[in-house]
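Q: Give me the fold of what follows.
(chains A and B)
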Amino acid sequence: MKFHKRITSTSDSIALKLAILAKEKENARRKLVVTAKQLAATAKEKESIRRKLVVTAQELKRLHGTLEKKVLQRTKDLEQIRSKNEAILTSIGDGLVVVDKEGKISYINKSFEEMLGWKTQEIVGKSMVEVVPREDLNGIGVSFKERILTQVLEGQKFVADLTNPFYYVRKDKSRFPASSIVAPVVLNKKIVGAVEVFRDITKEKEIDKAKTEFVSLASHQLRTPLSTVNWYSEMLLTGDVGEVTPEQKKYLEEIYSGNQRMVDLVNTLLDVSRIEMGTFMVEPKPTDIVKLARSVIDEQKLQIDEKKIKFSRSFEDSIPLMRADPKLLRMVIQNLLSNAIKYTPEGGKIGVSISLDNEKNVSLKMSDTGYGIPKNQQDKIFTKLFRADNVIGKDTEGTGLGLYIAKSIVEQAGGKLWFESVENSGTTFYATLPLGEIKKKRGIKAPS
Amino acid sequence: MVSKPKNNKTALVIEDERILVRVIETKLEKVGFDVVTARTVDQGLSYIEDVGGIDVIWLDHYLPGEKTGLDFVAKLKSPGSKWAKIPIFLVSNTASDSNVRSYLRLGVSKYCVKAEHRLEEIASDIKSFLDDPRK
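A: As a prediction, this is how the structure comes out:
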């Protein structure tokens, strides 16, 4: 029994174990089922993601294609605009050059190539001032420092036209007269370079020359009838052909002085045409500038007194003889003094002084308390035929040529002429003139 | 023919503007010259060569015909010329600066622009030059 019992209890425990095992197995199976289900779900998700990815990829591919097309189109458009701009620049009839801020050429157009004989590939990247020399009227090269381009790169716009002409030298060393406008290229408030447009002004110069020659010819021819009036009225006035009554004499004097004014005018025109044709006859000789100034003052004493002008003069004692053309120097002083008288109201002051600047220069100063030159017209005052607004109404006799002539003469002699002026308070003109080679003491009579 | 009292000097005026010639002639006579006139270079030269007795010459630059006052001076002042010593006054309104330089080089005594001088001045200039050529 015991044995049976024991067997029974053993088999019971086995059955129990089996039952446990079966349960575990069942558990494991269930877990596996769950896992399998989960796996199946993941696979499905994966598939769905895969599908989505395919769609996205397709979309991307499509978008990429469009984008590429768009970029291509844009590039093409930009290219077209660029070519068009370049075509415009290239085809501009005037020469065009763009330089960077170091003055190196970054672009030239076709007219530049044609006018100067250089090809783009030969000079791009090179210095404009070095490759294309600029000369003044006398064929003297304009230095780098004075080159407009150099100055423009420091910020200002420059115009050089017929009144300030220069020559450009071609690759083959020949040259042509040019006028140009140079302006800085400003980007984000910074100068990044400069652009210059220039033109060949050979034709304009020819026309200008023809005009000057015409003025010269006409003026010369006008002198003959003027001489006739001069000499005939002179003969009447001197009584060489019979007595005239005092009343008739007055009339004749008017004719004579009116004619004299015309002679002066014609002479002024001739001086201008001489300056412009470069045919001014300059005959430098030992000249006493103080003596010259004294004689000019004497000449205009009447006008000074008529306007009750307080006149002062101060001449340094030891001014040596200078080498100058006395006729021309006289014209300069005459012009400055007659202007001072003309443009100073009655009772005003005029002062003339001459001093020795240093070993090499004589200084002339002519100051007045006159109408002055309006600030906004001061830069034009030496321009031919220019007359300031504030005096046009006051004096109708001025031609606007005097200062132009005076400046030309002074500069031709290697000197400088400039002024300081305040409207309604007065003007001071300054001239410095080189003494030249002769330094003899004053008092020696200059040979006439 | 011009009558020539001994003490009067003779001036030859070569000028083509008749109206000016008239007044120049009158003035020069007033200051004591005998005056003969010519309109062209050739007339002037033949006067000197054929008639002679000229003490001073008043010369204009532009004259009718192909020759100008320069040709006249060149001929008169050429080496070996009998008349090289006759003083010449160039009185012209139209000579260019470079022509004036040539005249002075060729030996013209003085140059003046008609329009810029009184007749009186030129006439007495000529007179005093003849009295004292060093002036």
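
Q: Alpha carbons only: can I get whatever helix or strand residue B:120 lives in in PDB?
A: Assignment of secondary structure by DSSP states H and E places residue B:120 within helix B:119-131. Presented in PDB, the C-alpha positions along helix B:119-131 are these (Å, rounded to 0.1, in the frame of the first residue of the first chain):
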ATOM      1  CA  LEU B 119      48.900 159.100 -87.200                       C
ATOM      2  CA  GLU B 120      50.600 162.000 -85.400                       C
ATOM      3  CA  GLU B 121      52.700 159.500 -83.400                       C
ATOM      4  CA  ILE B 122      53.800 157.500 -86.400                       C
ATOM      5  CA  ALA B 123      54.600 160.500 -88.400                       C
ATOM      6  CA  SER B 124      56.800 162.100 -85.700                       C
ATOM      7  CA  ASP B 125      58.300 158.700 -85.000                       C
ATOM      8  CA  ILE B 126      59.500 158.500 -88.600                       C
ATOM      9  CA  LYS B 127      60.700 162.000 -88.500                       C
ATOM     10  CA  SER B 128      62.700 161.600 -85.300                       C
ATOM     11  CA  PHE B 129      64.100 158.300 -86.500                       C
ATOM     12  CA  LEU B 130      65.500 160.000 -89.600                       C
ATOM     13  CA  ASP B 131      66.900 162.700 -87.400                       C
END
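
Q: how about it, does it reach chain A?
A: Yes - figure legend: helix B:119-131 in contact with chain A (Cβ under 8 Å from any Cβ of the partner chain); contacting residues B:119, B:120. All C-beta atoms are positioned from the backbone trio N, CA, C, and that covers glycine.

Q: and that helix, which residues are buried?
A: Of the residues in helix B:119-131, those buried by neighbour count under the rule 16 or more other Cβ atoms under 10 Å in any protein chain shown are B:119, B:120, B:122, B:123, B:125, B:126, B:127, B:129, B:130.

Q: contacting residues around it?
A: If you take Cβ atoms under 8 Å, 6 or more residues apart in numbering or on different chains as the criterion, helix B:119-131 is touched by A:230-231, A:234-235, A:238, B:9, B:11, B:23-24, B:27-28, B:30-33, B:55-56, B:58, B:87, B:89, B:91, B:109-110, B:112, B:135.

Q: Same check on stretch B:41-55?
A: Contacts to stretch B:41-55, defined as Cβ under 8 Å, 6+ apart, come from residues B:4, B:9-12, B:14, B:36, B:38, B:57, B:59, B:63, B:65, B:67-69, B:71-72, B:75-76, B:83, B:86, B:130.

Q: Buried ones among the contacts of helix B:119-131?
A: Neighbour counting with 16+ other Cβ under 10 Å marks A:230-231, A:234-235, B:9, B:11, B:23-24, B:27-28, B:33, B:56, B:58, B:89, B:91, B:109-110 as buried within those.

Q: Just those: which are in strands?
A: Mapping the buried ones among the contacts of helix B:119-131 onto strands (DSSP state E) picks out B:9, B:11, B:33, B:56, B:58, B:89, B:91, B:110.

Q: which pair in those residues spans the largest distance?
A: The most widely separated members of these, counting by Cβ to Cβ, are B:9 and B:91 (17.1 Å).

Q: before we move on, the earlier item: mind checking which of the contacts of stretch B:41-55 are buried?
A: For the contacts of stretch B:41-55, a burial check counting by 16+ other Cβ under 10 Å picks out B:9-12, B:14, B:36, B:38, B:57, B:59, B:63, B:67-69, B:72, B:75-76, B:83, B:86, B:130.

Q: Against residue A:141, how distant is residue A:182?
A: With the distance defined as Cβ to Cβ, to the nearest Å, residue A:182 ends up 17 Å from residue A:141.

Q: ok, the two, which is more surrounded?
A: Higher neighbour count among residue A:182 and residue A:141: residue A:182, with 23 against 14, using other Cβ atoms under 10 Å in any protein chain shown.

Q: That one: helix or strand, and which one exactly?
A: Here residue A:182 is covered by strand A:175-187, with elements defined by DSSP H and E.

Q: Please enumerate residues in contact with that strand?
A: A:95, A:98, A:115, A:135, A:139, A:148-149, A:152-153, A:155-162, A:165-170, A:191-202, A:204-205.

Q: buried stuff in it?
A: For strand A:175-187, the buried set under the neighbour-count rule, 16+ other Cβ under 10 Å, comprises A:176, A:177, A:178, A:179, A:180, A:181, A:182, A:184, A:185.

Q: That strand pairs with which strands, parallel or anti?
A: Within its sheet, and counting by DSSP bridges, strand A:175-187 is paired with strand A:158-160 (antiparallel), strand A:166-169 (antiparallel), strand A:190-200 (antiparallel).

Q: where are the low-confidence patches of chain B?
A: Low-confidence segments of chain B, defined by pLDDT under 70: B:1-6, B:133-135.

Q: And the residue of it closest to chain A?
A: Distance from chain A to each residue of chain B (Cβ to the nearest Cβ) is smallest for residue B:93, at 3.5 Å.

Q: and the spatially most central residue of chain B, what does it touch?
A: With distances taken as Cα atoms, centre = their mean, the residue of chain B nearest its centroid is residue B:58 (1.7 Å). Residue B:58 makes contacts with B:11, B:12, B:13, B:14, B:15, B:24, B:28, B:89, B:91, B:126, as judged by Cβ under 8 Å, 6+ apart.

Q: 6 Å - rerun?
A: Contact partners of residue B:58, counting by Cβ atoms under 6 Å, 6 or more residues apart in numbering or on different chains, are B:11, B:13, B:89, B:91.

Q: sec struct for the residue lying closest to it once chain neighbours are set aside, please.
A: Using Cβ to Cβ, 6 or more residues apart in numbering or on different chains and skipping residues adjacent in sequence, the residue nearest residue B:58 is residue B:13, 4.4 Å away. When the structure is split into helix, strand and coil by DSSP: H, G, I helix; E, B strand; the rest coil, residue B:13 lands in strand.

Q: now swap in residue A:351 and tell me
A: Secondary structure of residue A:351, per three-state DSSP, is strand.

Q: Quick check: bridge partners of it?
A: Beta-bridge partners for residue A:351, by DSSP bridges, are residue A:312, residue A:367.

Q: my read: it touches residue A:365, true?
A: No - distance between residue A:351 and residue A:365: 7.5 Å, which falls outside the contact criterion (Cβ atoms under 6 Å).

Q: related to what we said a few turns ago, so where does the residue of chain B closest to chain A fall, helix or strand?
A: Going by DSSP H and E, residue B:93 is not in any helix or strand.

Q: same deal with residue A:384?
A: Per DSSP H and E, residue A:384 falls between elements, in no helix or strand.

Q: Closest one to residue A:76 out of the buried residues of strand A:175-187, please.
A: residue A:185 (27.5 Å).

Q: how close does the nearest residue to the closest one once chain neighbours are set aside sit to residue A:106?
A: Residue nearest to residue A:185 in three dimensions, not counting chain neighbours: residue A:193, with 4.5 Å by Cβ to Cβ, 6+ apart. Going from residue A:193 to residue A:106 by Cβ to Cβ gives 7 Å.

Q: Tell me which of these two has more neighbours.
A: Neighbour count, other Cβ under 10 Å: between residue A:193 and residue A:106, residue A:193 has more, with 20 against 16.

Q: The residue in chain A that chain B sits nearest to: what's it in contact with?
A: Scanning chain A for the residue nearest chain B gives residue A:223, at 3.5 Å (criterion: Cβ to the nearest Cβ). Taking Cβ under 6 Å, 6+ apart as the contact definition, residue A:223 lies against B:93, B:115.

Q: Downstream of the strand or helix carrying it, the next helix or strand is which one?
A: When secondary structure is defined by DSSP H and E, residue A:223 falls within helix A:202-237. Next helix or strand after helix A:202-237 toward the C-terminus (DSSP H and E): helix A:246-277.
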